[in-house]
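In: sequence first, predicted coordinates after that:
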Amino acid sequence: MKEKFISLFISFFSINVFNRLIPLVTIPILTNRLGLEGYGEYILILSYTVLFDTLISFGFKTTAVIDLNFCKSKEDENKLFFKVLFSKLMIAFPSIFILLYVLNSQNIDTFHSIIFCVSILMGVVLNQEWYFHGKGNMHSIVLINVSLRLIYIWLIYEFIKSPSDYTYALIIHSLTLFLQSFVGGIKAVLDFKIEFPKSIIFRDVFHQFKNNTYFFSATLSSYFTTSFNFIILDNFYSPTTLGVYAIADKLVNALRDFSNTFNNSILPILAEKHNLNQEQKSPLFLYYIISIFLIFSIVSLVVYLLSDYIFLFFNSEIRHTNLGSRLIETLVIGLPMSVIIGAISQFYVIKGKSVRLFWIFLAFAFLSVITLSISAYYFNIISFAYTYVILMIILFTFLYIKIKT
């Protein structure tokens, strides 16, 4: 068990470190070549794709990992693989047309929209990282991710030269993600000798949908407290202000995503322990959340103290430094809470409390959309950021209380 955790930790740490180093290179290039207004529009489009990523993934990134640990035979594993694949395909096809409509409303030409939509959404369908995760073997995924992300950096540097290139930046982003998923999917089939199951019918796929409904609804609701922020901001603030906020938000999200290294590493172990000892209470989870809370509290403090220098690193326009640094200082306060929210959400699923998680996130999604919209309408963007942090603290408190009852 210890060896499995260490192996997964090293793999996820490598992926997250490299993925979080990417913005250190690409954000300065994009903000200076596209301008803050162009970068704000670029981030706005990507925030829509996060919604469709959430829709198509349908919570399988977590639940399928747990289900894989409960499979009793190779045939069960094969069936699970294709149930997840077919489930995502069924959601992807209508999603492509919806996203095309959204992109056309943003004045992106049809040809570029089709390339972007098909590549990024089919990339989500073909992404089989969950299978490597459940098997505790992420080495191939690390190599594929690093290779494709290096290509992404080169393409951004080579082809993005001016604000008019912002559609090309979107296409580069989507195509590299598609190739990453495609190669990873082929690798999964070959490495684990996945074969089409002897029997799989529509009822099996429907059952997989049904089992995932509550956890998916919870992850969808959480979208309205994260990426949906940009859609709200787009209605109340200028594109330049949106671009400044995007830099601060990207930084804090990159730091938060480092917690996925810990969460993803310990998820199969917690699931396995719970499966073996469902009636016994283990202190492992409590020790775990205390540890990552302390780690990310220290990270938050360091970022808070260095906010001026950090913003100037990402953007050279000095006149926006005060706003950018204040947004970083504000948003980073909520970092430890958002890290714990991710960990507790996974634990809800392990304990079979997906329904409760769904209702908590659904209520919170409505509260967030209403509260953040009112804040954006009446107050400046700093107040909006403070409102977001307060909401994260409320959600953390409620989740922690309810998991104990």
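Out: Arrived safely.

In: contact partners for Tyr400?
Out: 340, 344 (C-beta atoms under 8 Å, 6 or more residues apart in numbering). In this view, the C-beta of every residue, glycine as well, is placed from N, C-alpha and C.

In: what does the model give it for pLDDT?
Out: On pLDDT, Tyr400 comes in at 77.

In: what's the answer for Ile186, then?
Out: 91.

In: what is the helix or strand hosting it packed up against?
Out: Using DSSP states H and E, Ile186 falls within helix 166-191. Applying 3 or more C-beta pairs under 8 Å, 6 or more residues apart in numbering; DSSP states H and E, one finds that helix 166-191 contacts helix 2-57, helix 110-126, helix 129-135, helix 139-159.

In: in that helix, which residues are buried?
Out: 166-167, 169-185, 187-188 (16 or more other C-beta atoms under 10 Å).

In: equivalent analysis for stretch 382-402, please.
Out: Neighbour-count burial for stretch 382-402 flags 384-389, 391-392, 395-396, 399 (criterion: 16+ other C-beta under 10 Å).

In: residues near Ile151, how many?
Out: 15 (other C-beta atoms under 10 Å).

In: how near is it to Ser113?
Out: To Ser113, Ile151 is 23 Å away according to C-beta to C-beta, to the nearest Å.

In: also Ser174?
Out: Taking C-beta to C-beta, one finds Ser174 at 11 Å from Ser113.

In: Phe384 too?
Out: Phe384 sits 30 Å away from Ser113, going by C-beta to C-beta.

In: same check, this time on Leu126
Out: Leu126 sits 20 Å away from Ser113, going by C-beta to C-beta.

In: what of Ile310?
Out: 34 Å.

In: just the pLDDT at the nearest residue to Phe196 once chain neighbours are set aside, thanks.
Out: Using C-beta to C-beta, 6 or more residues apart in numbering and skipping residues adjacent in sequence, the residue nearest Phe196 is Phe82, 6.6 Å away. On pLDDT, Phe82 comes in at 86.

In: correct me, but Phe82 touches Glu195?
Out: No: taking C-beta atoms under 8 Å as the definition, Phe82 is not a contact partner of Glu195, at 9.5 Å.

In: more neighbours, those two?
Out: Phe82 (17 against 13).

In: quick one, the helix or strand hosting that one and helix 166-191 angle?
Out: Assigned by DSSP H and E, Phe82 belongs to helix 74-105. Compare the direction of helix 74-105 with that of helix 166-191 by axes from the mean of the first three to the mean of the last three C-alpha atoms, to 10 degrees and you get 170 degrees.

In: give the buried residues for helix 74-105.
Out: Under the neighbour-count criterion of 16+ other C-beta under 10 Å, helix 74-105 has 77-88, 90-92, 95-96, 99-100, 102-103 buried.

In: separation between Phe97 and Ser368?
Out: 28 Å.

In: picking up where we left off before, which of the helices and strands packed on helix 166-191 sits most buried?
Out: helix 129-135 (a mean of 22; mean count of other C-beta atoms under 10 Å).

In: and the next helix or strand past the lowest-mean-pLDDT helix or strand in the chain?
Out: Across the helices and strands of the chain, mean pLDDT, DSSP states H and E gives its lowest value to helix 202-223, namely a mean of 63. Next in sequence after helix 202-223, counting helices and strands by DSSP H and E, comes helix 228-236.

In: got the angle between that following helix and helix 2-57?
Out: 40 degrees.

In: let's see helix 228-236 as PDB, backbone CA atoms only.
Out: Only the C-alpha atoms of helix 228-236 are listed here, as PDB (Å, rounded to 0.1, in the frame of the first residue of the first chain):
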ATOM      1  CA  PHE A 228     -18.600  30.100 -14.100                       C
ATOM      2  CA  ASN A 229     -17.100  33.100 -12.500                       C
ATOM      3  CA  PHE A 230     -15.700  34.200 -15.800                       C
ATOM      4  CA  ILE A 231     -19.100  34.200 -17.400                       C
ATOM      5  CA  ILE A 232     -20.500  36.400 -14.600                       C
ATOM      6  CA  LEU A 233     -17.500  38.700 -14.800                       C
ATOM      7  CA  ASP A 234     -17.900  39.000 -18.600                       C
ATOM      8  CA  ASN A 235     -21.300  40.600 -18.100                       C
ATOM      9  CA  PHE A 236     -20.200  43.200 -15.500                       C
END
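
In: what angle do the next helix-or-strand element following it and helix 228-236 make?
Out: Next along the chain after helix 228-236, taking DSSP H and E as the criterion, comes helix 239-257. With the same axes, to 10 degrees defining the directions, helix 239-257 sits at 170 degrees from helix 228-236.

In: so for helix 239-257, mean pLDDT?
Out: Per-region confidence: helix 239-257 scores 83 on mean pLDDT.

In: and the residue of the chain most remote from its centre, what does it touch?
Out: Outermost residue of the chain with respect to the C-alpha centroid, by C-alpha atoms, centre = their mean, is Lys198; its distance is 34.0 Å. Going by C-beta under 8 Å, 6+ apart, Lys198 touches Glu75.

In: fine, thanks again, bye for now.
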